[in-house]
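J.: Give the three-dimensional model of this entry:
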Amino acid sequence: NKVYSTAIAKTQKIWTAYLDSIMKVGQMQILRRQITNELNYSCRFDSKHLAAALENLNKATLADIEAHYQNPSLPYPKEDNTLLYEITAYLEAAGIHNPLNKIYITTKRLPYFPTVNFLFLISQFPKLQYTRNLGMY
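T.: Numbering: from 1, shown residues only. Below you'll find the predicted structure:
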């Protein structure tokens, strides 16, 4: 009985620390999204022509890249071409990107990690609440 209660206490400490880490990551993701939205709004308000030009350049570049993958005989930007790097910097500064799709670090694949995360988050949902004015799309 004593060993069982000690194991439960240790497990609860681990899950509490894990929950704190997940909540911090979630809060950072919300902040990143809010900052991007503010940058995008400011860019559209201050310079609608720049925002439109960046969006059109981005769409055209993506269309050319997609066309290359559908037909490899079409040209693709060379590695020494800095267009993709430069346009990325402008798009991020204007808030015309999705910060949740950006990968900063990679780790080796852990077995059963998605399943453990799913079960843990399902167990924690009753403790979370949705705030309508912070809702994301």
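J.: ok, now how distant is Tyr69 from Lys102?
T.: With distances taken as CB to CB, to the nearest Å, Tyr69 is found 21 Å from Lys102. Heads up, the C-betas are built off the backbone N, CA and C, glycines and all.
J.: Which neighbouring residues are in contact with the residue most central in space within the chain, exactly?
T.: Against the mean C-alpha coordinate of the chain, by CA atoms, centre = their mean, the closest residue is Leu100 at 1.2 Å. Applying CB atoms under 8 Å, 6 or more residues apart in numbering to Leu100 gives the contacts 29, 32-33.
J.: among those, which ones are buried?
T.: Arg33 (16 or more other CB atoms under 10 Å).
J.: Thr51 is in what secondary structure piece?
T.: One thing to correct before we go on: residue 51 is Ala, not Thr. In this assignment (DSSP states H and E), Ala51 forms part of helix 48-70.
J.: so what's Thr88 closest to, chain neighbours aside?
T.: Excluding the flanking residues, the one nearest Thr88 by CB to CB, 6 or more residues apart in numbering is His97, at 7.7 Å.
J.: residues in contact with Pro77?
T.: With CB under 8 Å, 6+ apart, Pro77 has these contacts: 65, 83-84.
J.: between those, which has the most around it?
T.: Ile65 (14 neighbours; other CB atoms under 10 Å).
J.: okay, now the residue lying closest to that residue once chain neighbours are set aside: neighbour count?
T.: Leaving aside its chain neighbours, Ile65 sits nearest to Tyr76 (6.8 Å; criterion: CB to CB, 6+ apart). Residues near Tyr76, counting by other CB under 10 Å, number 12.
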